[in-house]
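model this:
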Amino acid sequence: MIAEKGRLNRFRTRLLFTGPTLFAFTTVMILPFVFGIYLTFTNWDGISKELTFVAFENYVSVFQDTDFWKSFYLTLKFVGATVVGINVVAFGLAYLLTSGLKGQSVFRAGFFVPNLIGGIVLGFIWQFIFSNVLVYLGKTYDIGLFRASWLSTPDKALWALIIVTVWQYAGYMMVIYVAGLMNVPKDILEAASIDGASGWTRLRRMVLPMIVPSFIVCVFLSLQRGFLVYDVNFALTKGGPFKSTEMVAMHVYEKAFRSHDYGVGQAEAFILFLLVTAVTLVQVYFSKKMEVEA
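Purely as a prediction, here's the structure:
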């Protein structure tokens with residue numbers, strides 16, 4: 001009897017602390033997710049009160065939608081470029097700003113600031129830079145690369161979006177790398193230096209293996225933000241020119257809310273969720289293997 005009362009009291013205590021959070025998570029995340037999956041089996045247009053069950057017709061439409069797969073392939077290229085760019089720049093900045101550089105704390109704060117700017121505002125700022133500032137410099141100093149706005153050229157518009165994304169998130173990832181680098185034991189590096197190991201050898205053989213957890217986190221976050229990019233994409237290029245920068249998240253939004261084909265749009269969103277989940281799980285799996293080896 002006493003044991004049962006003890007278990008009941010512990011359950012009440014846990015429920016007191018976890019109940020509100022669990023309730024909020026269920027109502028805000030779980031229920032909408034489940035309802036969204038249900039909508040993938042209907043022909044709802046997002047407005048009317050009536051909807052009809054259509055089984056797997058929406059999923060068939062998704063696999064027949066060439067624009068969806070084109071946007072997904074474009075997103076894959078965007079993600080590949082941004083993941084590499086963000087992590088290379090972020091690690092380079094972190095390594096530089098943990099080497100004893102004078103005023104490195106100020107530089108850390110400065111490089112982190114772009115991450116605090118909202119995606120819409122950031123897109124408009126860089127739209128002005130690409131369409132006005134760089135064009136002016138290109139025409140004034142006869143720089144062929146900037147004589148025309150990158151945002152008006154299909155081949156360069158994607159690179160403009162990549163540059164802005166790297167600029168926005170590199171500072172955030174830098175903070176994670178700084179934390180990892182600061183946890184590397186200094187005595188080990190000093191011992192290696194005394195033994196004659198060069199800076200490159202210490203970096204490759206000692207520093208990089210020790211901050212694999214930081215790489216795992218940063219690559220995971222870069223993948224997630226790359227696949228789900230929308231605000232910067234909308235503000236900077238609006239998917240143009242000629243849909244050359246229409247990422248998959250923007251295509252799903254257009255399908256669901258502009259074309260009023262919410263069932264198909266929700267099915268595309270669910271397939272995108274499964275694909276992104278698969279990619280991130282594969283990334284975490286192989287990264288964890290590297291961490292064990294390290």
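
give me the low-pLDDT residue ranges for the stretch 1-150 of the chain?
When residues are selected by pLDDT under 70, those of the stretch 1-150 of the chain lie in 1-6.

What ranges does it have for its helices?
Ranges of helices in the stretch 1-150 of the chain, per DSSP state H, counting those that start in this stretch, are 2-25, 31-39, 57-64, 66-96, 104-112, 119-128, 134-140.

what's the angle between the fourth one and helix 104-112?
Using axes from the mean of the first three to the mean of the last three C-alpha atoms, to 10 degrees, the direction of helix 66-96 lies 170 degrees away from that of helix 104-112.

So for helix 66-96, what gets flagged as buried?
Buried residues in helix 66-96, counted by 16 or more other C-beta atoms under 10 Å: 68, 71-72, 74-75, 78-79, 81-83, 85-87, 89-91, 93-95. Bear in mind the C-beta positions are built from the backbone N, C-alpha and C, glycine included.

I'd like to know how many residues surround the nearest residue in space to residue 240 that is not next to it in sequence.
Leaving aside its chain neighbours, residue 240 sits nearest to residue 157 (7.1 Å; criterion: C-beta to C-beta, 6 or more residues apart in numbering). For residue 157, the neighbour count with other C-beta atoms under 10 Å is 22.

for the strand or helix carrying residue 157, which positions count as buried?
Following DSSP states H and E, one finds residue 157 within helix 154-182. Going by neighbour count (16+ other C-beta under 10 Å), the buried part of helix 154-182 is 156-158, 160-178, 180-181.

Now do the next helix or strand after it, average pLDDT.
Using DSSP H and E, the helix or strand that follows helix 154-182 in sequence is helix 186-194. Average pLDDT, helix 186-194: 77.

list the helices and strands helix 186-194 packs on?
On a contact count with 3 or more C-beta pairs under 8 Å, 6 or more residues apart in numbering; DSSP states H and E, helix 186-194 meets helix 199-202.

Render the CA-only coordinates of the helix it packs on in CSV, please.
Taking C-alpha atoms only, helix 199-202 is exported to CSV below (Å, rounded to 0.1, in the frame of the first residue of the first chain):
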residue,chain,number,x,y,z
GLY,A,199,50.5,22.8,-37.2
TRP,A,200,48.8,20.9,-40.1
THR,A,201,49.6,17.6,-38.5
ARG,A,202,48.2,18.6,-35.1
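
Alright, I will stop here.
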